[in-house]
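1. Sharing a model prediction with you, sequence too.
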Amino acid sequence: MKNGHHWSLTAIFWTIFSFQSFAQTDVSPVWVSKDLLKKHVYTLASDSLQGRGSGTVGQFKAADYCVKDFKNSHLLPIFQLDSLNWSFLQKYYFTPSLVAFFGRMAVTAKRSELSDPPSPNYSDSRILFAHNVGGLIVGKDLPNETVIVSAHYDHLGKIGSLIYNGADDNASGSASVLAIAAAFDSLAQQGIRPRRSVLFLLFSGEEGGLIGSKYFVANSPIPMNQIICDLNVDMVGRTDFKHRKKPDYCYLITGKQDNELRQTIKTANQKSVNINVDHSYDSENDPSSFYYRSDHYNFAKQGIPIAFFMDGEHPDYHQPSDSADKINYPLLQKRATLVFQTAWMMANP
């Protein structure tokens, strides 16, 4: 190994050159790939994954698919298994939720709860396990500061003979995270890397009560004080009744303390897709309680700035009819691109 204190003039030149090139890079023309988004949604929302219920074979298959895609994007695993081995998967145990029906809509009647692993000598069928999936791009010169881009990839699974494929909820958000990671990787392959690290997270256990993200926050390989923000994407492929005539919109929830993050999103939007950012639900007192209903909330409880991107609700919400053919892919591309542009700006202060 060479002595780290001896630098050649060539090395110094290329260090300065690469920093200047990076500082001048404008990524505002970069859009997330619509073809990738469509591929991921159709795969994750296919019958073969049986609705991706947490703790089921369908969820395990979905996790494997996401791991392979993270590897294709040259992300690094972040979950340490032992002194030598790392994984893209974070395993946790839980007791499953119970689903009931409100009219035709499936709702969680009893929430899932995190659990200790079952005793090796005692088999308890009430305790299941599931996985969060995570992959990292290491920041160029601020690697200990981390921006998170997250979504949940689980859904309701199969109830009776009906498969709840969850294309909008939340194959659309999961596809966004996968495709945003690919966009970051495409830039990295050109030598354009973010200053801060970016962690791409896909949670299971959301539908049963946000337990996957709850477990991550309690067992994070990254200290909470090193997390800059969580950009959470949950249902971004459809249009609600309010915006049926002008569908180029995205609801945004940032909470009361995150004005700087909200301003960054506004700037990112103006420089790229320029859609209508609707703040109608951006209140902790909103009757629909959207602020509390997705995985960003577990980060917000830690005082971490959050941004929640969503499309609202539509008649196929929590129905077997939430299928991949009903996703508006050009609109999904715009929303995913807005999240990408925001992540890039947050990762390059």
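-> Thanks, I have it.

2. Who are the packing partners of the helix ranked longest in the chain?
-> For the chain, the helix with the greatest residue count under DSSP state H is helix 329-346. Packing partners of helix 329-346 (3 or more Cβ pairs under 8 Å, 6 or more residues apart in numbering; DSSP states H and E): helix 34-44, strand 142-152, helix 173-188, strand 227-233, strand 249-253, helix 259-271, strand 306-310. No exception for glycine: its C-beta is placed from N, CA and C like everyone else's.

3. list the contacts for the residue nearest the centre of the chain?
-> Centroid-nearest residue in the chain, with Cα atoms, centre = their mean: residue 150, separated by 2.0 Å. Contact partners of residue 150, counting by Cβ atoms under 8 Å, 6 or more residues apart in numbering, are 177, 200-203, 213, 230-233, 295-296.

4. mind redoing it with 10 Å?
-> 132, 134, 173-174, 177, 199-203, 206, 212-213, 216, 230-234, 294-296, 298-299, 306, 308 (Cβ atoms under 10 Å, 6 or more residues apart in numbering).

5. swap in residue 143?
-> Contacts of residue 143 by Cβ under 10 Å, 6+ apart are 136-137, 194-197, 226.

6. I'd assumed residue 330 was in contact with residue 35.
-> No. Using Cβ atoms under 10 Å as the test, residue 35 is too far from residue 330 to be in contact (11.6 Å).

7. what's the overlap in contacts for these two?
-> What both residue 35 and residue 330 touch, as defined by Cβ under 10 Å, 6+ apart, is an empty set.

8. buried subset of the contacts of residue 143?
-> Neighbour-count burial (16 or more other Cβ atoms under 10 Å) applied to the contacts of residue 143 gives 136-137, 194-197.

9. how about these, which pair is most distant?
-> 136 and 195 (14.4 Å; Cβ to Cβ).

10. coming back round to it: now that we have the contacts of residue 150, which of them are buried?
-> Of those, these count as buried by 16+ other Cβ under 10 Å: 132, 134, 173-174, 177, 199-203, 206, 212-213, 216, 230-234, 294-296, 298-299, 306, 308.

11. And the helices and strands packed on helix 329-346: which comes nearest residue 281?
-> Of the helices and strands packed on helix 329-346, nearest to residue 281 by Cβ to Cβ is strand 249-253, at 5.7 Å.

12. Helix 329-346 and the closest one, what's the angle between them?
-> Counting by axes from the mean of the first three to the mean of the last three Cα atoms, to 10 degrees, strand 249-253 lies at 40 degrees to helix 329-346.

13. Quickly run through the sheet partners of strand 249-253, with directions.
-> strand 276-278 (parallel), strand 306-310 (antiparallel) (DSSP bridges).

14. got any ranges where the stretch 1-150 of the chain has weak pLDDT?
-> Low-confidence segments of the stretch 1-150 of the chain (pLDDT under 70): 1-24, 109, 122-124.

15. Please apply the same query to the stretch 151-300 of the chain.
-> 257-258.

16. circling back to that earlier point, and of the contacts of residue 143, the nearest to residue 146?
-> Out of those, the member with the shortest distance to residue 146 (by Cβ to Cβ) is residue 197, at 4.5 Å.

17. Could you find the closest non-adjacent residue to the closest one?
-> residue 139 (4.0 Å; Cβ to Cβ, 6 or more residues apart in numbering).

18. same check, this time on residue 141
-> Nearest non-adjacent residue to residue 141, counting by Cβ to Cβ, 6+ apart: residue 195, 5.4 Å away.

19. Please look at the one you found and residue 140 and confirm they touch.
-> Yes. Because the distance of 5.3 Å satisfies Cβ under 10 Å, residue 195 is recorded as touching residue 140.

20. list the buried ones in stretch 330-345?
-> Of all the residues in stretch 330-345, those buried under the rule 16+ other Cβ under 10 Å are 331-345.

21. same deal with stretch 275-295?
-> Within stretch 275-295, the residues that count as buried by 16+ other Cβ under 10 Å are 275, 277-278, 281-282, 290-291, 293-295.

22. so how far does it reach from one end to the other?
-> Across stretch 275-295, the terminal residues are separated by 24 Å (Cα to Cα, to the nearest Å).

23. What of stretch 324-333?
-> 14 Å.

24. just how off-centre is it within its chain?
-> Mean-position distance between stretch 324-333 and its chain equals 17 Å (Cα atoms, centre = their mean, to the nearest Å).
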